[in-house]
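1. I'll drop the sequence and a predicted model, then ask my questions.
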Amino acid sequence: MVQPTLDLSPAVSDEVRKTTCYMCACRCGINVHLKSGRVTYIEGNRDHPVNRGVLCAKGSAGIRQVFAPSRLRAPLKRVGPRGSGAFVEISWEEALETAVSWLAPLRESAPEKLAFFTGRDQSQSFTSYWAQAYGTPNYAAHGGFCSVNMAAAGIYTLGGAFWEFGQPDWEHTKLFLLFGVAEDHDSNPIKIGLGQLKARGAKVIGINPIRTGYNAVADEWVGITPGTDGLLILSLIHLLLKAGKVDLDYLAQFTNAPCLVNMDPESPDYGLILTDDEGRALVWDRVEQRPRCYDKPDVTPDLAGAWEVDGITHRPVFHLIAERYLDPRYAPEAVADTVGVSAARIRALAGQIARAFDAPVEIDQPWTDFRGRRHPKMTGRPIAFHAMRGISAHSNGFQTARALHLLQALLGAVETPGGFRFKPPYPKPARAHPRPHCKVTPGQPLNGPHLGYPQGPADLCLKDDGTPARIDKAFSWENPLSAHGLMHMVIANAHAGDPYRIDTLFLYMANMAWNSSMNTAQTMAMLTDRDANGEYVIPRIIYSDAYASEMVAYADLILPDTTYLERHDCISLLDRPICEADAAADAIRWPVVEPDRDVRGFQSVLLDLGARLGLPGFVAEDGSAKYADYADYMVRHERRPGVGPLAGWRGDGADHGRGAPNPDQIAKYIENGGFWTAHVPDEARYMKPWNAAYQAWAVKIGLVDVEMPYLLDLYCEPLRRFQAAAEGRGPIQPPEALRDRLRRAMDPLPDWTPPFGEEVDAEAYPLHALTQRPMAMYHSWGSQNAWLRQIHGVNPLYVPTDVWAREGFAEGDWARVTSPHGQITVPVAHMAALNPRTVWTWNAIGKRKGTWGLDEGAPEATKGFLLNHLISELLPPKGDGMRWSNSDPVTGQAAWFDLRVRVEKCAAPGRGEAAPGFPALARPGGTA
Amino acid sequence: MTALPDRVEKKLGLVIDLDTCVGCHACVVACKGWNDQGYGAPLSDQDPYGAAPSGTFLNRVHSYEITPPDAPAQIVHFPKSCLHCDDAPCVTVCPTGASYKRREDGIVLVNESACIGCGLCAWACPYGAREMDADAGVMKKCTLCVDRIYNETLPEEDRQPACVRTCPAGARHFGDLSDPGSEVSQLVAARGGLDLMPEMGTKPVNAYLPPRPKADAAPEFDVLAPFLEPVAEDAGGFLGWLDRTLSKMPG
């Protein structure tokens, strides 16, 4: 037979343009191939620090985004009632002048009446700069309904958290414990890392109620009961302490374990850490037998004993830790039923950790610590952890994440070989972050950055009368450490006029009329509700999105954004960068194709609006716009002298980190594949918080302006300051109704309390209900993708075996799912690899009819559903009639995963469609 | 009916590690993306934004749940594409010679200009690895990225199938399975690589590395117990141990 002759070397494309993916939050480097100017193929960029050439399903499917029918085409003005989807296309000039006509008078009278919140963030350093210049205190991104517990607990405890701020030491760890993760939070790096661990036979343990994805390949699966991770972790701590498997040398040198806590309830400083006159922590010197400053070159911090200083007994933090966690209430036998894991399994988990602890990793790399001591080697324990939304989206998530960080620190597995490693610009302790600001002056900028890390009650955002200064009540007594704000409370609070009414709600890529809100149907009602005069209760809504999402129909003015392949962006060190443990890195997006519609990148639009409003920082001296567009801002803006949004090729192109603006900077990024990296020097690779070489390097490249070595905060003093206030200490006092809750929540040592969701009748609602993000789909950024919806076009409710059998379910059946708040009717499927008290579904596959460019009969709109209908943004009334926000009392993190339900078999709905259903939305005038 | 070559010079194929595959579908979509613009007709989609979207894929991931009698249930992700069999029934069944196996590397291909879209090959394939493209009316299947692996316009390191290049977990390996010294053959030897459905007599070239045994099934309770030997039973005893231990540490 004659074989056909093949062209084995076809030209792949005319041109490859390298930019940054935005199909999820992971931000990989991509090579975009073009033929005759049209995108034909996307693959991973081999040189890129995040993905090193690989690319996930979302990334490869990104090519469909630029051809998606859901793309908005031009600015839109609402012409029908809100929620009807009736719009007309208008010019950009009309759109921008409309926005200015709303925003300019507001700024002069009451800037707080603008609430500006962004869902698709990662340009926060820019959007917050705009909001600060405008003068409203009401700005945040979506972290409050995402993973603020993880970020805040990490920063308050270790000076950095998982994902963007840190990563497992994939190279050296021998035991990896993975708690609940949202798949996009380090999507490809986790997969690359797991592959590395598998290749060299390291052990992977998955701790998750659901055994899919990463948990499916884990060597061992612990199908924990949702919301109990903290208790499991404290039980591990109990066992490890009892066995003496804690790194005493590490604890004494690098954590606040030896710091001295005032134990005298009569003292005004009860529970606070003893300091010298300059506020620096003191430790007991074991050799000199006296308190000395923690950073003295020759200090020998002691972890044992109790000492009287100035007539007051002080005990080291480590004493309090030992006393707390050696308590039998944390014994495996005491917690097994609650966590749904047998005592023997808990012991086996701790035993594996202890075994790895006994086999330290050493790297022959001398280094010098902040006390000036030279160490011949870097030594650590080969035990790494990672966790994300699964543990953080509970009302006990902050303390759970703190518990996990305490465990890491006790093992000496933070910033040591084999453990957890920070990514620049972290480590950075909470004290080095800004504190929140909220002082409004009409016509003037806000008095400082909106978001930050309070150190005590004096940093709360309260008005003079003690009521919350922010519309989302962030940094109020209800959730003092709400470092990312509470986007999920904005619409409810604005509608209720609690704490006050607003005029304009301005949202960027936040699908609040659908999957990004709790209580979705009620949220739609709030957005369309009118007052006695027939005016909307939330008078004006401006929204920017690239696609015809559900939220579009609920806005008055639409500013259509571009797709990620048509825009400039900077993934900046000032913001949420793409660094890896061994390198500082940042990146750009640039228009690899030009939009074929009348749309503009949102950041460029915001610059334009800023200039039209005359905001400081946005206008040149002659009153003209200071920046032509976002690309111009990325290059010329300086946050501090010599430090701008992009760190690479500054000055004449030879300066990195610090340097004058370089007009050719973007060309340099493009030439380099869209990103920049600076490698951490060998001597600075580990022990970063205490490593003199790292500290000097961080200052040199502009990550920070001064060296700031610090001790890990096992005992979290800012929490204690709030707890002390709840006990009646100090001048700034919480409302009476919140005292008890604050006393419990603001515990300076992590503890476990049942999530608020457990307060429901357990017999009526016996099951936990969760969502997960599929690896091949990303909630409302790409769910209309033609290829990905063939993989994830439906989302049954997965039901464990016992419930399946008890209800007599069969394939194709439907269930009524009821929570204390609502009811949905949905298709079910059986899953055995599941915690027996848990049901779950894929997140945000369900779409409203008429949205996302999908036909009304699309399975996403007929059989797809949201659990959001079952979740209220407010908890059921307390005895006193008060209703708390369904959020972590420390940070305000939305407690999505506290949800309790019951599941009952029911007849298939008449039309075979999931309930509740909503009327189809008209396609907004300008979809492509 | 079409003849198989009497011998092939190489057996290029994939080794897929089921112990590492997290089921992310990266390979599925990278394959779709490459082959939509590569060898032969594009991979069409029908009703892509409608009620019943469907399209041609040359590689799909199936997930299976397994419930062992004495261990927790587990999920195995199973990517499946053409296995480029030595005894490929899809070739011998082809009435036009369109379906053929390459002599030089063993890759099974469809010559689309000779394909009449009869679908016999898909019926003959016991693995369900072929899909008829509804728009083009020709049979589509994994080409092992024959237009990548020898492609001199690509950098050397990129001359591998798109699914292998993109796999984030590194679960997919490409090479010559006729060479016992190749990396893929070594992996098969070391990890007990399996043929899929050997009873069918198709002699697949691709091999699967089975999931390693899970620790759930046999926890090492006894082995681990000594690592947790208590140094004390309560806080008081612990502080005594602490003091003794610190005294022994270098200052």
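-> Alright, I've got the coordinates.
2. Next up, the contacts around A:Ile383.
-> By Cβ atoms under 8 Å, 6 or more residues apart in numbering or on different chains, A:Ile383 lies in contact with A:Thr173, A:Lys174, A:Leu175, A:Leu177, A:Ile353, A:Ala356, A:Phe357, A:Gln408, A:Leu411, A:Ala413, A:Gly418, A:Gly419. Placement of C-beta: from N, CA and C, glycine included.
3. got it, and A:Val635?
-> A:Val635 neighbours (Cβ under 8 Å, 6+ apart): A:Gly644, A:Leu646, A:Pro661, A:Asn662, A:Pro663, A:Gln665, A:Ile666.
4. ok, now with 10 Å
-> With contact set as Cβ atoms under 10 Å, 6 or more residues apart in numbering or on different chains, A:Val635 has these partners: A:568, A:570, A:627, A:644-646, A:650, A:661-667, A:669.
5. What are the phi and psi values at A:Phe422?
-> Per-residue torsions, A:Phe422: phi -80, psi 150 (degrees, to the nearest 10).
6. Let's see the pLDDT reported for it.
-> For A:Phe422, the pLDDT comes out at 98.
7. Show me what it is bridged to.
-> A:Gly166 (DSSP bridges).
8. Going along the chain, name the strands of chain B.
-> B:12-17, B:45-46, B:54-55, B:59-66, B:74-81, B:99-101, B:108-110, B:131-132, B:139-140, B:172-176, B:207-209 (DSSP state E).
9. Please disregard the earlier target; I meant the stretch 101-250 of chain A.
-> Counting by DSSP state E, counting those that start in this stretch, the stretch 101-250 of chain A has strands at residues A:114-118, A:139-140, A:166-168, A:175-178, A:203-207, A:220-222.
10. For A:Arg317, which non-adjacent residue is closest in space?
-> Heads up, residue A:317 is Val, not Arg. A:Tyr715 (4.2 Å; Cβ to Cβ, 6 or more residues apart in numbering or on different chains).
11. which SS state does that neighbour fall under?
-> coil (DSSP: H, G, I helix; E, B strand; the rest coil).
12. Can you get me a residue count around A:Ser123?
-> Around A:Ser123 there are 27 other residues, counting by other Cβ atoms under 10 Å in any protein chain shown.
13. Kindly apply the preceding question to A:Gly853 instead.
-> Counted with other Cβ under 10 Å, A:Gly853 comes out at 19.
14. max-length helix in chain B?
-> Of all the segments of type helix in chain B, defined by DSSP state H, the longest one is helix B:235-248.
15. Just the buried positions in that helix, please.
-> For helix B:235-248, burial by neighbour count (16 or more other Cβ atoms under 10 Å in any protein chain shown) applies to B:Ala235, B:Phe238, B:Leu239, B:Trp241, B:Leu242, B:Leu246.
16. one step back: and the pLDDT for the residue nearest to A:Val317?
-> A:Tyr715 is given a pLDDT of 98.
17. And for B:Arg148?
-> The model's pLDDT for B:Arg148 equals 98.
18. where's it relative to chain A, distance?
-> 8 Å (Cβ to the nearest Cβ, to the nearest Å).
19. Secondary structure element holding the closest residue to chain B within the stretch 551-700 of chain A?
-> Residue of the stretch 551-700 of chain A nearest chain B, by Cβ to the nearest Cβ: A:Gly673 (13.4 Å). Following DSSP states H and E, one finds A:Gly673 outside all helices and strands.
20. Quick check: phi and psi at the spatially closest residue to it that is not a sequence neighbour.
-> Leaving aside its chain neighbours, A:Gly673 sits nearest to A:Lys18 (4.2 Å; criterion: Cβ to Cβ, 6+ apart). Dihedral angles of A:Lys18 (phi, psi; degrees, to the nearest 10) stand at phi -100, psi 120.
21. before we move on, what about A:Lys58?
-> phi -60, psi -50.
22. How about A:Ala769?
-> phi -130, psi 130.
23. beta partners for it?
-> Listed by DSSP bridges, the beta-bridge partners for A:Ala769 are A:Val839.
24. Could you do A:Ala915 as well?
-> When bridges are called by DSSP bridges, A:Ala915 pairs up with A:Thr825.
25. neighbours around it, how many?
-> 16.
26. What score does the most centrally placed residue in chain A have for pLDDT?
-> Centroid-nearest residue in chain A, with Cα atoms, centre = their mean: A:Ser147, separated by 3.5 Å. For A:Ser147, the model assigns a pLDDT of 90.
27. B:Gln74 now?
-> Listed pLDDT for B:Gln74 reads 95.
28. Check the one 4 residues further on too.
-> Confidence at B:Phe78, expressed as pLDDT, is 98.
29. Repeat that for B:Gly236.
-> 89.
30. so how far is A:Arg589 from A:Ile666?
-> Distance of A:Ile666 to A:Arg589, computed by Cβ to Cβ, to the nearest Å: 10 Å.
31. Mutual contacts of the two, please.
-> Common contacts of A:Ile666 and A:Arg589, defined by Cβ under 10 Å, 6+ apart, comprise A:His568, A:Cys570, A:Ala631, A:Met634, A:Gly674.
32. So which of those residues belong to helices?
-> Mapping the shared contacts of A:Ile666 and A:Arg589 onto helices (DSSP H) picks out A:Ala631, A:Met634.
33. how about the nearest residue to A:Leu834, chain neighbours excluded?
-> Excluding its sequence neighbours, the residue lying closest to A:Leu834 (Cβ to Cβ, 6+ apart) is A:Pro800, at 4.5 Å.
34. Could you measure from the one you found over to A:Val341?
-> 16 Å.
35. if we can go back for a sec, possible to save the shared contacts of A:Ile666 and A:Arg589 as JSON lines with neighbour count, pLDDT and distance to A:Leu609?
-> Listed next are the shared contacts of A:Ile666 and A:Arg589 as JSON lines, based on neighbours: other Cβ atoms under 10 Å in any protein chain shown; pLDDT from 0 to 100; distance: Cβ to Cβ, whole Å:
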{"residue": "A:His568", "neighbour count": "21", "pLDDT": "97", "distance to A:Leu609": "17"}
{"residue": "A:Cys570", "neighbour count": "32", "pLDDT": "96", "distance to A:Leu609": "19"}
{"residue": "A:Ala631", "neighbour count": "22", "pLDDT": "98", "distance to A:Leu609": "17"}
{"residue": "A:Met634", "neighbour count": "26", "pLDDT": "98", "distance to A:Leu609": "17"}
{"residue": "A:Gly674", "neighbour count": "25", "pLDDT": "98", "distance to A:Leu609": "27"}
